[in-house]
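no sequence on hand, only this structure:
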């Protein structure tokens, strides 16, 4: 079942001064694979899993991209590639899913969450963390979700163990509003919103 209103258009792109976002498809497999493989250790920490695992191949990556594209077409989740302005190099990825997906692993915490409340996470390639690309991407995403999407709320989330991204969210002025379990993704995750949004948490 889709979690985005069927009568609302899913944004087809986001253009900023130094990057552009497009829905992730098989057409991006080569540049996406290069970005993933350039940032393996960071992505293992970020994902809370062995992805990308030793021996991860271009064919493995293609399967992932085809799966993300299928979810996007079915409106059950949305994944965007972050490209440089030449559109020849991948800088990272953005993932948007229903917060309600986590209800089964977090009994007693998400009973009031509506099906159209979203959670978002993202990564940028390791080589671009030092110049603050993640800071600028987060700022742009906050504006994009507020201006161009129909979600009533979007929570950014990251693993408790990912200190670099925890620091990013906390320095940005977002409020930490939830701590939830994502068992298949390395355990404890922090969730951040633009206000306390207590009606979701009570």
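Sure thing, it's come through. Keep in mind the model is a prediction, meaning the values are calculated, not measured.

okay, residue 13: pLDDT?
You'll see residue 13 listed with a pLDDT of 98.

that one contacts residue 21, doesn't it?
Yes. Counting by Cβ atoms under 8 Å, residue 13 touches residue 21, with 6.3 Å between them. Just so you know, the C-beta spots here come from the backbone N, C-alpha and C atoms, and that holds for glycine as well.

more neighbours: those two, which one.
Counted by other Cβ atoms under 10 Å, residue 13 and residue 21 do not tie: residue 21 has more neighbours, with 24 against 9.

any idea of the pLDDT on that one?
pLDDT recorded at residue 21 is 98.

ok, and the closest non-adjacent residue to residue 145?
Distance criterion Cβ to Cβ, 6 or more residues apart in numbering; nearest residue to residue 145, sequence neighbours excluded, is residue 154 at 4.5 Å.

against residue 62, how distant is that neighbour?
Residue 154 sits 29 Å away from residue 62, taking Cβ to Cβ, to the nearest Å as the criterion.

try residue 41
Residue 41 sits 23 Å away from residue 62, going by Cβ to Cβ.

more neighbours: these two, which one.
Neighbours were counted for residue 41 and for residue 62 using other Cβ under 10 Å; residue 62 has more, 16 against 8.

so for the helix or strand hosting the more buried one, what's the average pLDDT?
Following DSSP states H and E, one finds residue 62 within helix 58-74. For helix 58-74, mean pLDDT is 97.

the next helix or strand after it pairs with which strands?
Note on helix 58-74: by DSSP H and E, the next helix or strand toward the C-terminus is strand 78-83. Strand pairing for strand 78-83, using DSSP bridges, gives strand 20-23 (antiparallel), strand 90-98 (antiparallel).

just send these back as a markdown table, with distance to residue 8 too.
Compiled in a markdown table, the strands paired with strand 78-83 are given as follows (distance: least, Cβ to Cβ, whole Å):
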| stretch | distance to residue 8 |
| --- | --- |
| strand 20-23 | 15 |
| strand 90-98 | 14 |
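
tell me which of those strands sits most buried.
Across those, averaging neighbours per residue (mean count of other Cβ atoms under 10 Å) puts strand 90-98 on top, at a mean of 21.

show the average pLDDT along that strand.
According to the model, strand 90-98 has a mean pLDDT of 97.

rewinding a little: please name whichever of the strands paired with strand 78-83 is nearest to residue 46.
Nearest to residue 46 among these is strand 90-98; the distance by Cβ to Cβ comes to 10.2 Å.
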